[in-house]
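Trainee: When you get a sec, could you give me coordinates for this:
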Amino acid sequence: MLDRMKEGDMLELVREADNEYDDCAIALHWNREKIGFLPASENGLLSRLLDAEALDLTAEITHLNKTVQPWENLSVAIYFLKETTQSTLPVKMEYLTQLETPHYTAFKNNSNTVTKVTWETGRYEEDFDWAGFLKDHSRKDSIQDIIMNSDVSPTYKYGSETGEYLLLNINRLPEDDMIKQLFSKIEQTLGSLDNLFDEQGYITLTTSEAAALIPKLERIANVTDKLGRHFIELGF
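Mentor: This is a model prediction of the structure:
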């Protein structure tokens, strides 16, 4: 069925009020075939709107990737249409005319649940020069040797699959107050990514967070998560 779908296809929202697992359940149907459900974390308000027939909601496939895990195949936009007599919309209303794909990566953990990790603005830039970034923020002449002696690929587009590509493992942090203070701040914001890796202790860094750490960099390494995606681990 996935092979027949395409971006822009319309989906039908079908309420399943008697669903034994979730009384707010909303199923997604494509060509009258059920393909899954809206996430339970998102269906509360939408189920009430459907039950009250308050709005004529429409669903559309905005992003389709047939090569990833099943829970990441589709991104769906849900919206309603409203006629207006205004020839030009006020600036504050322009966002209502745009369908945007949610920016997050999802992974499935051992308890059979799906967790979303939000991409922050500026985490990844197309064709980002990671080697240049390390060189620009390092005060060491040895940074080129660190890069050349690593197993990090100079051609791989780190971050293109996930929106994140710089990792830090807290279990390998040195006794350095500055690094540990930075980690404490990051942990409160992002939390752990243990479910993505066989080894515990990984967190992701934005480039702005990593910039302050680069002068203390001693090594870098290629790290692969359980879904086969590649990251750069910073070592100190």
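
Trainee: who's sitting farthest from the centroid in this structure?
Mentor: Thr85 (38.0 Å; C-alpha atoms, centre = their mean).

Trainee: Could you measure from Pro174 over to Ala40?
Mentor: Distance, Pro174 to Ala40, by C-beta to C-beta, to the nearest Å: 42 Å. C-beta here means a position set from N, CA and C on the backbone, and glycine is covered the same way.

Trainee: Looking at those two, which has the bigger crowd around it?
Mentor: Ala40 (14 against 10; other C-beta atoms under 10 Å).

Trainee: mind checking the SS state of that one?
Mentor: coil (DSSP: H, G, I helix; E, B strand; the rest coil).

Trainee: didn't it look like it was pressed against Asp22?
Mentor: Yes. Using C-beta atoms under 8 Å, Ala40 makes contact with Asp22 at a distance of 5.4 Å.

Trainee: so for the helix or strand containing Leu182, what's the average pLDDT?
Mentor: Secondary structure from DSSP states H and E places Leu182 in helix 177-190. Per-residue pLDDT over helix 177-190 has a mean of 66.

Trainee: Next secondary structure after that helix?
Mentor: strand 202-205.

Trainee: which strands and helices sit next to whatever helix or strand comes next after that following strand?
Mentor: Sequence order places helix 207-211 as the next helix or strand after strand 202-205, per DSSP H and E. The criterion is 3 or more C-beta pairs under 8 Å, 6 or more residues apart in numbering; DSSP states H and E, and the helices and strands that helix 207-211 contacts are helix 130-137.

Trainee: Let me see the mean pLDDT of the helix or strand following the helix it packs on.
Mentor: Remark: after helix 130-137, the chain's next helix or strand is helix 143-148, criterion DSSP H and E. Mean pLDDT, computed over helix 143-148, is 92.

Trainee: What are the contacting residues of helix 143-148?
Mentor: For helix 143-148, contacts defined as C-beta atoms under 8 Å, 6 or more residues apart in numbering pick out 131, 134-135, 140, 154, 217-220.

Trainee: Give me the buried subset of those residues.
Mentor: 134, 217, 220 (16 or more other C-beta atoms under 10 Å).

Trainee: Let me have those in TSV, extended by distance to Leu57 and pLDDT.
Mentor: Output for these, formatted as TSV (distance: C-beta to C-beta, whole Å; pLDDT from 0 to 100):
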residue	distance to Leu57	pLDDT
Leu134	47	89
Leu217	50	91
Ile220	47	95
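
Trainee: closest to Glu72 among these?
Mentor: Glu72 lies nearest to Ile220 out of the buried ones among the contacts of helix 143-148, by C-beta to C-beta, at 27.3 Å.

Trainee: in the protein, which spans are strands?
Mentor: Assigned by DSSP state E, the strands in the chain fall at 10-15, 26-30, 33-37, 57-64, 74-80, 104-108, 114-118, 166-169, 202-205, 219-224, 230-235.

Trainee: other SSEs contacting the fourth one?
Mentor: Yep, that's strand 57-64 we're talking about. Using 3+ C-beta pairs under 8 Å, 6+ apart, strand 57-64 is in contact with strand 10-15, helix 43-52, strand 74-80.

Trainee: 10 Å - rerun?
Mentor: strand 10-15, strand 26-30, helix 43-52, strand 74-80 (3 or more C-beta pairs under 10 Å, 6 or more residues apart in numbering; DSSP states H and E).
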